[in-house]
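*Asks:* below are the sequence and a predicted model; questions follow.
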Amino acid sequence: MCGIVGYAGTKHPKDILLDGLKALEYRGYDSAGIAIKNEKKVQVIKSVGKIKYLEDKINNNSLIDSNLGIAHTRWATHGAPTETNAHPHNVGKVTLVHNGIIENAGEIKNKLISKGVIFNSDTDTEVAASLINYYYSGDQIKAIEKATSELAGSYAFGILFDDSDMLFAVKKGSPLIVGIGSDGNYIASDIMAIINYTKRYILPEEDEIAALSANSFKIFKNGKEIKKEILTADVSVEAKSKQGYEHYMLKEIMEEPLLLENTLKPFADDMSLIPDLKEYSEIHIVACGSAIYAGMIGKTLLEEKAAIRVYCEVASEYRYKKVICDKNTLVILVSQSGETADTIAAMRKAKDMGADTLAIVNVKSSTIARESDEQIFIEAGPEIAVATTKAYILQVAIFGLLAYKASGLKNLKREIGNLPRLVKEILDDRDTYLKIAHHIYKNNDVFFIGRKVDYAMCMEGSLKLKEVSYIHSEAYQAGELKHGTISLIEEGTPVFGIITDDDIRDKTISNIAEVKSRGAKVITVSNENVTGYDLGVVVPKISDFFQPILVVPCLQLIAYEVAKLRGCDIDKPKNLAKSVTVE
Ligand code: AGP
């Protein structure tokens with residue numbers, strides 16, 4: 001997704017803006033640009049491709065003196081990734097960067113064209129800049145308010161005006177923070193973009209306008225200045241570094257044992273901290289991507305262990321389909337970033353229908369964290385790699401806790417006491433995963449099969465492999481494969497068999513025999529020895545509530561090793577964004 005950064009201060013903005021863009025690379029982008037200005041001139045430099053190209057272009061340009069600027073990484077939505085479509089967009093007296101989608105851009109563009117406005121790009125962002133410029137007659141706040149009152153969709157804008165030395169910003173539906181520093185003030189899509197300069201920040205609410213200068217900041221709502229609390233970020237600068245690991249993805253996987261310890265211990269010490277889901281007649285679990293696969297594990301555990309009726313749906317469906325939910329429903333939103341557009345929309349729909357909402361979320365300052373009724377924070381710290389690993393594992397752990405509490409069992413300490421140590425031992429067994437990776441990294445199709453909770457793990461194992469190695473992969477209910485897809489199994493096709501659920505162990509083993517007899521190269525991941533197959537990983541057998549936490553890290557490391565063998569851009573896979581803030 002796009003990322004925005006801005007600075008108004010005492011220093012030249014170039015390095016601050018480039019630092020910020022590099023910290024936002026993980027969000028996914030295909031072009032980037034900066035705009036710096038002084039009282040006489042606005043200088044805009046843009047480029048397609050990696051920020052490195054932009055940086056080279058900037059360094060080959062003579063830059064104007066400046067203490068004010070905005071910058072942007074663009075993930076193309078309206079208009080191809082070209083320099084013309086890259087941000088910042090300069091229209092008349094307005095220069096602007098944007099994260100989000102203006103849904104009524106076409107209608108507004110036609111209105112402005114009928115008034116003689118000329119457009120150069122195919123973007124909705126240029127329409128927004130043109131509308132602000134159209135209404136601008138010297139009062140920046142008024143022009144921003146008037147224009148944004150006509151915009152439908154989502155936006156986080158950073159805005160400069162030719163005749164002002166201030167930086168303006170406003171958001172609706174997209175993330176935006178305002179950083180308060182000693183050498184100036186900042187705007188950014190997330191705190192990691194400016195953490196090298198300040199940990200103090202303000203969270204503007206929807207349509208609150210920030211007006212920043214080098215040594216002042218004001219927030220306006222409906223034309224009036226309002227007071228806002230200054231928060232302090234609980235992230236560290238070292239969280240941005242790889243701390244000696246080759247990739248953020250590997251660093252974040254290796255953090256899992258300690259994070260599990262930190263997340264689970266408070267609940268083990270005091271189970272009353274775990275929400276009791278038994279009071280609801282029905283639970284809906286709604287999320288996207290890996291988060292919904294964590295939710296699928298939660299669904300299976302809550303149904304099997306606590307006999308609670310659970311409906312599990314991807315947010316992009318839930319937000320539009322007919323759902324039955326009311327005050328007796330608890331809707332659990334699962335989101336690492338807390339800014340996923342579909343999940344936000346699903347949360348708002350559930351709230352409008354009278355349901356209680358519980359967020360299992362990582363980013364405390366996020367929209368989902370702030371708008372949900374209750375929250376369980378997973379304390380994963382910043383997750384930089386686009387492919388989620390540590391956040392996903394902690395989401396699964398939280399579902400284990402919720403199911404354990406709902407099951408009425410009372411000895412959580414015994415259940416989870418060894419978990420972090422067991423995960424560490426599993427992660428240390430790198431050679432096993434590298435050996436498996438060597439077996440599959442040249443294949444073009446890989447299958448994952450399992451039943452019930454094992455199938456939910458297959459979904460995540462398959463997504464991880466696809467995301468970082470670009471190998472096509474499918475997760476299939478083991479019993480369903482023979483109803484068609486087994487026709488794709490050829491000599492040497494890798495098939496992962498995930499087998500941890502005792503009730504259906506033999507059934508899955510039979511399904512594995514079916515693919516084996518058709519030439520598949522079978523890799524089993526189980527909590528018991530499974531003999532007779534090409535490769536296998538055996539993890540310790542522990543309580544069903546937390547068994548997935550020993551299985552999925554194996555699949556994460558296998559995906560990592562395969563991607564490395566294939567020379568992929570592991571932390572920033574092509575086409576992907578860390579937080580999908582548009583639908
Ligand atoms: C997971 O590796 C992907 N990056 C993606 O599926 C992600 O889980 C999904 O976009 C949801 O993101 P969220 O948890 O921030 O809402």
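*Replies:* Sure thing, it's come through. Numbering: from 1, shown residues only.

*Asks:* for the rest of this, base every contact and every neighbour count on C-alpha atoms.
*Replies:* Will do.

*Asks:* quick one: what helix or strand has residue 404 in it?
*Replies:* Here residue 404 is covered by helix 390-407, with elements defined by DSSP states H and E.

*Asks:* and that helix with the ligand, contact?
*Replies:* No. Helix 390-407 lies out of reach of the ligand by CA under 6 Å from any ligand atom, never closer than 7.7 Å.

*Asks:* that helix: what's the following helix or strand?
*Replies:* Following helix 390-407 in sequence, per DSSP H and E, is helix 412-416.

*Asks:* who touches the helix or strand that that following helix is followed by?
*Replies:* Moving toward the C-terminus from helix 412-416, the next helix or strand (DSSP H and E) is helix 419-428. With CA atoms under 8 Å, 6 or more residues apart in numbering as the test, helix 419-428 has contacts from 254, 256-258, 260-261, 539-540, 549-550, 553-554, 557.

*Asks:* in helices only, show me these.
*Replies:* Counting by DSSP state H, the contacts of helix 419-428 place 254, 256-258, 260-261, 549-550, 553-554, 557 in helices.

*Asks:* drop anything exposed from those.
*Replies:* 254, 256-257, 260-261, 549-550, 553-554, 557 (16 or more other CA atoms under 10 Å).

*Asks:* out of the residues you listed, flag the one nearest to residue 371.
*Replies:* Taking CA to CA as the measure, residue 371 lies nearest residue 260 of these, at 25.9 Å.

*Asks:* right, and that closest one touches residue 394 too?
*Replies:* Yes. Counting by CA atoms under 8 Å, residue 260 touches residue 394, with 6.6 Å between them.

*Asks:* check the gap between residue 310 and the ligand for me.
*Replies:* From residue 310 across to the ligand, the span is 20 Å (CA to the nearest ligand atom, to the nearest Å).

*Asks:* export the helix holding residue 404 as PDB, just CAs?
*Replies:* This file holds the C-alpha atoms of helix 390-407, laid out as PDB (Å, rounded to 0.1, in the frame of the first residue of the first chain):
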ATOM      1  CA  LYS A 390       5.400 -13.700  14.500                       C
ATOM      2  CA  ALA A 391       2.100 -11.800  14.500                       C
ATOM      3  CA  TYR A 392       0.200 -14.800  13.000                       C
ATOM      4  CA  ILE A 393       1.700 -17.200  15.600                       C
ATOM      5  CA  LEU A 394       0.600 -14.800  18.400                       C
ATOM      6  CA  GLN A 395      -2.900 -14.600  16.900                       C
ATOM      7  CA  VAL A 396      -3.100 -18.400  17.000                       C
ATOM      8  CA  ALA A 397      -1.900 -18.400  20.600                       C
ATOM      9  CA  ILE A 398      -4.600 -15.900  21.600                       C
ATOM     10  CA  PHE A 399      -7.300 -18.200  20.000                       C
ATOM     11  CA  GLY A 400      -5.800 -21.100  22.000                       C
ATOM     12  CA  LEU A 401      -6.300 -19.000  25.200                       C
ATOM     13  CA  LEU A 402      -9.900 -18.100  24.200                       C
ATOM     14  CA  ALA A 403     -10.800 -21.700  23.500                       C
ATOM     15  CA  TYR A 404      -9.000 -22.900  26.700                       C
ATOM     16  CA  LYS A 405     -10.900 -20.400  28.800                       C
ATOM     17  CA  ALA A 406     -14.200 -21.200  27.100                       C
ATOM     18  CA  SER A 407     -13.600 -25.000  27.600                       C
END
